[in-house]
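Next comes the sequence, and after it the predicted model I'd like to discuss.
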Amino acid sequence: MKKALLSLLFVQLFTGCEFSRTTDRQDGETKELPRIAIAGIAIESSTFSPALTHEEAFHAKTGDDIFTYYPFLSPDSLNRKRANWIPTLRGHALPGGIVTREAYESLVTKTLDMLKENIPYDGLFFDIHGAMSVVGLDDPEGDFIIRIREVVGKKTIISTSMDLHGNVSWRLAQNTDLITCYRLAPHEDALESKKRAVDNLLSRIESGKGKPAFKAWIPVPILLPGEKTSTRIEPGKSLYAKVAPASIQKGIIDAAIWVGYAWADEPRNHAVVMVTGDDKEKVISTAEELAKSFWEVRSDFVFVAPTGTLSEILDKAVASNKHPFMISDMGDNPTAGGAGDVTWTLKEILARPEFKLENGPSLIYASIPGPEFVIKAIEAGIGGKADAYAGAEVDARFAPPIRLSGTVEAIEYGDRHAETEVVVKIGSVQVIVTNKRKPYHKEIDFTRLGLNPRETDIVVVKIGYLVPELYNMRADWIMALTPGGVDQDLERLNYQRIKRPMFPFDKDMKDPNLEAQLVPLSDDI
Ligand SMILES: [Zn+2]
């Protein structure tokens, strides 16, 4: 009890705003702090994958736990003191298959119920990804924000932060007031972008300027995979370098370019440019310049690293003297929405003669979910032999479950995503088998299992473009055009519902109309 009181006192002393609606100003007057809610659910989910995403995958946080997502809202931060924050529910899932309707409805209902408890709000920070697919529901983020509006009303200023691989439908644009997205891929600026959404919201509320007078929206009929639109290389680099200077012009609040999400089949899946601000001409011209710049370079986007078929790449990697030779197993990349359990690539690797001997070229395969194998490996213990099937529980379209038989080298418990991880050595291949799917993005993901990727000849990861840690580790890198729910060869996917014509599918399409459309303010809907 005493401890609880002390911590309450601590919170009051150091956050200043959690329990009071006013703050003292130096001039002795008191100013009411704005009331700002936080909400949002984030996932990118492929409609080309047979996987389903359930509610627990979102690891939803509620109340004050939500602040742990945002270091810029830590108890001692300036921004924390600028408002009376009311965090509701925030969930973030690994990319995956389509979200079940039950999961979506449950998360939305919980959010709305929590929002109802504390109305009214001056502002709402809507933190989403923007590429969620839900069974039987188009444009879930557009649906979600409309349902939020029904609770909070038209006056609340909503500031939306998104991934640049999200989609901005007209109704999302209508119902949000401020909107921004990342400007880097890989997303090294994720937190900076969320902070920008919050800073813009606070400054519009504090200055009394309120909602931006103008919002320009331009759909750009381009649909490209993230692996072709990295901002580390051209033309993505120069295109996205235009965004920050565009956004700091007088009369502009923010400017943003969305590449969009390629592995869902809805009319909203395409690139978008949005600019918000108070200067009508500037807002329009800036949006049109960015959209035109995107369209002009559309044919220059190429994969961020060389690509090839798996067998060609394995030939090269075995012959190479550059190690580690990284291979992206792209088609089943769980961080883009693949099921993560396609066994096709592993089957091809284990069938090759050079990896059958213990002293063959060393290769790490990360990773394959196989709960049945994990149980057998635990029974066998480290150094024991395990023999069981793994993979293809969700996505067996390209290869069936794979029988793994080898020596158990490591068993680790407690990973948030994988739950249990084991390493099994088969010939010269070390395969990471997990209880549940997990992306291997960091060096420590490997070293904690006793693996040393830097000293390994070949490292195969279910990933698209390499995240910074793996990128910096690579001696060479090729991306394999393997099959799966996020096949990078978009022309192999059978789109039915995206708008046409669309680049690059319609080769002889004419230049589109890239005039800015002014979106009605949320008050006028
Ligand atoms: Zn993204």
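Noted; the coordinates are in hand. Predicted model only: the values in this text are computed from it and were never measured.

Which element, helix or strand, includes the residue in the chain positioned nearest to the ion?
Residue of the chain nearest the ion, by CB to the ion: residue 165 (3.5 Å). Just so you know, the C-beta spots here come from the backbone N, C-alpha and C atoms, and that holds for glycine as well. Here residue 165, judged by DSSP states H and E, is contained in no helix and no strand.

mind checking pLDDT for it?
The model reports residue 165 with a pLDDT of 97.

So it sits against residue 257, correct?
No - taking CB atoms under 8 Å as the definition, residue 165 is not a contact partner of residue 257, at 11.2 Å.

between those two, which one's more packed in?
Using other CB atoms under 10 Å, the more surrounded residue of residue 165 and residue 257 is residue 257, with 28 against 24.

And that one, its phi and psi?
Main-chain torsions, residue 257, degrees, to the nearest 10: phi -120, psi 130.

Excluding residues flanking it in the chain, which one is nearest it?
residue 273 (5.4 Å; CB to CB, 6 or more residues apart in numbering).

and after the helix or strand that neighbour falls within, which helix or strand comes next?
Using DSSP H and E, residue 273 sits in strand 271-277. Counting by DSSP H and E, the next helix or strand C-terminal to strand 271-277 is helix 280-296.

For the following helix or strand past that next one, which outside residues touch it?
Downstream of helix 280-296, the first helix or strand assigned by DSSP H and E is strand 307-308. Contact with strand 307-308 is made by 316, 330, 478, 479, 480, 481, 488, as judged by CB atoms under 8 Å, 6 or more residues apart in numbering.

where does the third one fall, helix, sheet strand or coil?
To tie it back to what came earlier, the one meant is residue 478. strand (DSSP: H, G, I helix; E, B strand; the rest coil).

Do you know the pLDDT at it?
97.

which ones are touching it?
Shown in contact with residue 478 (CB under 8 Å, 6+ apart): 305, 306, 307, 308, 313, 316, 317, 325, 326, 327, 328.

can you pull up the bridge partners for the third one?
Right, the one you point to is residue 307. Taking DSSP bridges, one finds residue 479 as the beta-bridge partners of residue 307.

Kindly report the same for the last one.
Taking DSSP bridges as the rule, residue 328 bridges to residue 461, residue 479.

What is the burial count for residue 284?
By other CB under 10 Å, the residues close to residue 284 number 19.

Please disregard the earlier target; I meant residue 361.
Neighbours of residue 361 under the rule other CB under 10 Å: 21.

which residue packs closest to it, ignoring adjacent ones?
Closest to residue 361 by CB to CB, 6+ apart is residue 457, at 4.4 Å.

so what's that neighbour up against?
Applying CB under 8 Å, 6+ apart, one finds that residue 457 lies in contact with 317, 318, 323, 324, 325, 361, 362, 363.

circling back to that earlier point, helices and strands around the strand holding residue 273, which ones?
For strand 271-277, the elements it packs on are strand 178-181, strand 214-220, strand 252-258, helix 280-296, judged by 3 or more CB pairs under 8 Å, 6 or more residues apart in numbering; DSSP states H and E.

Quick check: which of those is buried the most?
Most buried of those by mean neighbour count (mean count of other CB atoms under 10 Å) is strand 178-181; its value is a mean of 27.

Residue 304 against residue 225, yeah?
No - with contacts counted by CB under 8 Å, residue 304 stays clear of residue 225, the gap being 10.1 Å.

What separation do you get for the residue nearest to residue 361 and residue 64?
Noted for residue 457: a distance of 48 Å to residue 64, by CB to CB, to the nearest Å.

measure residue 392 to residue 382 for me?
In this view, residue 392 and residue 382 are 26 Å apart by CB to CB.

These two: who's more crowded?
Counted by other CB under 10 Å, residue 392 and residue 382 do not tie: residue 392 has more neighbours, with 22 against 14.

if I read this right, the more buried one contacts residue 342, doesn't it?
Yes - look at residue 392 against residue 342 with CB under 8 Å: they come within range, at 7.0 Å.

Identify the contacts common to those two.
With CB under 8 Å, 6+ apart, residue 392 and residue 342 have common neighbours residue 399.

Which stretches in the chain count as helices?
For the chain, applying DSSP state H gives helices covering 2-15, 78-81, 101-117, 140-152, 170-175, 190-206, 236-241, 243-247, 280-296, 310-319, 344-351, 371-380, 443-447, 468-473.

Columns distance to residue 243 on top of the helices and strands packed on strand 271-277, output as TSV?
Shown next, in TSV, are those (distance: least, CB to CB, whole Å):
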stretch	distance to residue 243
strand 178-181	9
strand 214-220	14
strand 252-258	5
helix 280-296	7
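
mind putting those in JSON lines, distance to the ion and mean pLDDT included?
Putting the helices and strands packed on strand 271-277 into JSON lines (distance: least, CB to the ion, whole Å; pLDDT from 0 to 100) gives the following:
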{"stretch": "strand 178-181", "distance to the ion": "9", "mean pLDDT": "98"}
{"stretch": "strand 214-220", "distance to the ion": "17", "mean pLDDT": "98"}
{"stretch": "strand 252-258", "distance to the ion": "10", "mean pLDDT": "98"}
{"stretch": "helix 280-296", "distance to the ion": "17", "mean pLDDT": "98"}
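
returning to that earlier point: adding pLDDT and distance to the ion, write the contacts of residue 478 out as JSON lines.
Below are the contacts of residue 478 laid out as JSON lines (pLDDT from 0 to 100; distance: CB to the ion, whole Å):
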{"residue": "305", "pLDDT": "87", "distance to the ion": "17"}
{"residue": "306", "pLDDT": "93", "distance to the ion": "22"}
{"residue": "307", "pLDDT": "95", "distance to the ion": "19"}
{"residue": "308", "pLDDT": "96", "distance to the ion": "24"}
{"residue": "313", "pLDDT": "98", "distance to the ion": "25"}
{"residue": "316", "pLDDT": "98", "distance to the ion": "29"}
{"residue": "317", "pLDDT": "98", "distance to the ion": "27"}
{"residue": "325", "pLDDT": "98", "distance to the ion": "26"}
{"residue": "326", "pLDDT": "98", "distance to the ion": "20"}
{"residue": "327", "pLDDT": "98", "distance to the ion": "22"}
{"residue": "328", "pLDDT": "97", "distance to the ion": "16"}
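
Of these, which pair is most distant in space?
By the measure CB to CB, 307 and 325 form the most distant pair in the contacts of residue 478, at 14.6 Å.

the more surrounded of those two?
Neighbour comparison, residue 307 and residue 325: the larger count goes to residue 325, with 25 against 19 (by other CB under 10 Å).

Only the buried residues of the longest strand seen in the chain, if you could.
Assignment by DSSP state E gives strand 402-415 as the longest strand of the chain. The neighbour-count check on strand 402-415 (16 or more other CB atoms under 10 Å) flags 402, 404, 406, 407, 408, 409, 410, 411, 412, 415 as buried.

From those residues, pick the one nearest residue 233.
Using CB to CB, residue 415 comes nearest to residue 233 of the buried residues of strand 402-415, at 32.0 Å.
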